[in-house]
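Q: Fold the following and give me the result.
(2 chains)
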Amino acid sequence: MQEKKPSKAPKSPNATKAKSAAAKPAKTESKLSELQVTRERKTVIMQGNEAVAYGALDAGVNFFAGYPITPSTEVAEILASELPKRGGTFIQMEDEIASICAITGASLAGAKALTATSGPGFSLMQEGIGFAKITETPCVVVNVQRMGPSTGMPTSPAQGDIMQSRWGSHGDSPAIVLYPDSVKESYELTIRAVNLSEKYRTCVVLLLDEVIGHMRESVRLPDMANVRVINRIKPTVPPHWYKHYDENQKYLSPLASYGDGYRFHVTGLTHDAHGFPTNKSVEAGDMMDRLRKKITYNIRDLVQIESHEMDDAKIAIFTAGITARAAKAAIAMARYEGIKVGLLRPLTIWPFPDDAVRKMLRNVDTVIVPELNQGQMIREIRRLTKDKSDSNVVAIQRVNGQLITPNDILRKIKEVS
Amino acid sequence: MANIPQKIVHQYLRHDKKFPHVWCAGCSNGIILGAIIRAIASMDLNRDDLVMVSGIGCSSRMPVYIDMNTLHTLHGRSIAYATGIKMHKPKMKVIVVTGDGDCTAIGGNHLIHAARRNIDLSVILVNNNIYGMTGGQCSPTTPHDAVATTAPYGNIEPDFNVCDLAMGAGASFVARTTAFHVTEMQNYIQASLEHPGFSLIEVISACPVIYGRLNKKGGAPQMMKEFKDNSVPLTAIDKLPKEKVEGKIIRGILRKEIRPEYCAVYADLVSRVTPNNGGDK
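A: Predicted coordinates:
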């Protein structure tokens, strides 16, 4: 596994994580449930998809509904074997639409629920993802990206679902999307995805690259004692006071489950604070504001970005997932030749880390955006650097089933330096 | 069947919040909601342990009005959401209210697979033979030759026999009745709630404002009278001459059998594989 140098920049992931862990009260943290069986943690060789499955179990996921699809199937296979042993539920549904619906239903009944899929299935799930978002129901969708469009190349990598994960469902809706670059981080971000879904009551998407899902790396998972698990806040008020979408601090409200005695209504129609459908423009506006503010007011908690060799960099590379690993190798080679180049790698791609990126690009002359698509993340960088001329934002794009190599990036670095 | 007074029915409604309702005058949905409430009240079930799930359509607006755990989902997906709830909390009783378009067109896949699994859901299919909420388009149960806004020259497609479909897919309780036969409907709903397994009740319902008008069926009373005159109970079929049965709505419990229920089978699997229970691994 590639070495991850802790950067001196203030926004290194370690610093961010440590800060948010310290700042949060222990209120929402739970004792280990039966699902989170303490295992002896040895260093093992593990696939990204396996890491997702074990991350889900360690985060307390007790419900999985899914449909087989390459290259995500291992997640379902492992959970089919592990969940029944731990008293959880595994069900193979008739399609991906049913899968997202089943996990949303289970979550409303109190489960921590997750599904895993790939491009075609992710497309089918979009309406259900929108439903989970408007009804503020926690759930996690893992999308192990393959090359599209349509059936595309099922076992080849692409980073083509970056915009779909943000805008895939119709209407304006919030999005939290995480993007790991290694097997270890797949484990960590799966736990974080489940935690964020419970905390912010929304559907969180975890995007994996096909090669990360299928790549085997040596990892040592942390002991369960070091895994931080967040559970949804349960209401404490009597049932007749309960509002399903209660606004308390920073738009994070308690969530009752079916069967708890609260007898609430949930609908995909635009609704009032009690969850009943409304046509009043004031209430509709309030609901949409609430969905937006839930994310924008908590952006510091949501954003994670790794800054690598950026202190003196004149050229920055901005990319996520597997392409960021190629970039790190290219940076090592370029630095050997004396070129000052660094990497910014978002672990949270949505909400887009605007402020952090703007700040870190202030002293940089050129930004290179390598990505395995025809230009998705680069739009965001162009948006943030519009005071610079366009020639300062340079693309490396490839969509033929092959990866962008360190040499491809090195060549571009030399071209612009 | 217990006789449930109006006062009790009223207690089961979200009467202080959500009325007047959205349904047209003469619609059967209110009658069906009443039958569901009477069935629940006569069984003395705890409302906290009941969930009503629906999809999109006129009948799918029902959960708003009833005071229990309620979920109004996406078009066609009610059974998939219900499956998630039932699997996580098998002790809860899950009622699915769905329409003919919702259940047999866009949601047909979920219907057949839930029936195949024999998961304990009580699906009440309100069949008014048309898409009412969108203004009268033909559905898979619109009779051949009937008029709809998307079949202005008469429906050229054959229609679904939904009960046969459910039985073919493996549903263990299947019944059919009409909105006219209220007591029968209440009994079937009660039987389906008591039945351990997937149950489907097809309720033929009246949409006088759209279906009735397009097909010159008269008003709601005429449509109700048609349900009365034009249906025969299953038990009477053998005694009646063939011409009196042909083309009629067959009412009755078409299937009732005990098959392993999905949640119970899953619980059994869990106890087999859980290490603490002496399972193999």
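
Q: use CA for all of it now, contacts and neighbours both
A: Fine.

Q: Just give the nearest non-adjacent residue to the residue most central in space within chain A, would you?
A: Central residue of chain A (Cα atoms, centre = their mean): residue A:178, 2.1 Å from the mean position. Excluding the flanking residues, the one nearest residue A:178 by Cα to Cα, 6 or more residues apart in numbering or on different chains is residue A:348, at 4.4 Å.

Q: pLDDT score assigned to the residue nearest to the centre of chain A?
A: We have a pLDDT of 98 for residue A:178.

Q: re the thing from before, how about the residue nearest to residue A:178, phi and psi?
A: Per-residue torsions, residue A:348: phi -110, psi 110 (degrees, to the nearest 10).

Q: Got phi/psi on residue A:78?
A: Dihedral angles (degrees, to the nearest 10) for residue A:78: phi -70, psi -40.

Q: How is the residue nearest to it when sequence neighbours are not counted assigned, secondary-structure-wise?
A: Once flanking residues are discounted, residue A:78 sits nearest to residue A:53: 6.5 Å by Cα to Cα, 6+ apart. Recorded secondary structure, residue A:53: helix (DSSP: H, G, I helix; E, B strand; the rest coil).

Q: Would you mind naming what in the stretch 251-400 of chain A lies close to chain B?
A: Residues of the stretch 251-400 of chain A lying close to chain B (Cα under 8 Å from any Cα of the partner chain) are A:258, A:259, A:260, A:261, A:262, A:263, A:264, A:265, A:266, A:267, A:268, A:276.

Q: okay if I get those as CSV plus pLDDT?
A: Output for those, formatted as CSV (pLDDT from 0 to 100):
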residue, pLDDT
A:258, 97
A:259, 95
A:260, 94
A:261, 94
A:262, 94
A:263, 94
A:264, 96
A:265, 97
A:266, 97
A:267, 97
A:268, 97
A:276, 95
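
Q: Just the buried subset of those, please.
A: A:258, A:259, A:260, A:261, A:262, A:263, A:264, A:265, A:266, A:267, A:268, A:276 (16 or more other Cα atoms under 10 Å in any protein chain shown).

Q: As CSV, the residues you listed with secondary structure would be great.
A: Shown next, in CSV, are those (three-state DSSP):
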residue, secondary structure
A:258, coil
A:259, coil
A:260, coil
A:261, coil
A:262, coil
A:263, coil
A:264, coil
A:265, strand
A:266, strand
A:267, strand
A:268, coil
A:276, coil
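
Q: And the lowest-mean-pLDDT helix or strand in chain B, what's buried?
A: Using mean pLDDT, DSSP states H and E, the weakest-scoring helix or strand in chain B turns out to be helix B:242-245, at a mean of 87. For helix B:242-245, a neighbour-count test (16+ other Cα under 10 Å) marks residue B:245 as buried.

Q: roughly how far is it from the heart of the chain?
A: On the basis of Cα atoms, centre = their mean, to the nearest Å, helix B:242-245 sits 27 Å off its chain's mean C-alpha point.

Q: picking up where we left off before, dump the residue contacts of the residue nearest to residue A:178.
A: Going by Cα atoms under 8 Å, 6 or more residues apart in numbering or on different chains, residue A:348 touches A:176, A:177, A:178, A:179, A:302, A:303, A:304, A:305.

Q: Out of those, which comes closest to chain B?
A: residue A:176 (22.0 Å; Cα to the nearest Cα).

Q: For chain B, which segments count as strands?
A: B:50-54, B:69-72, B:93-99, B:121-127, B:173-178, B:199-204, B:231-233, B:249-256 (DSSP state E).
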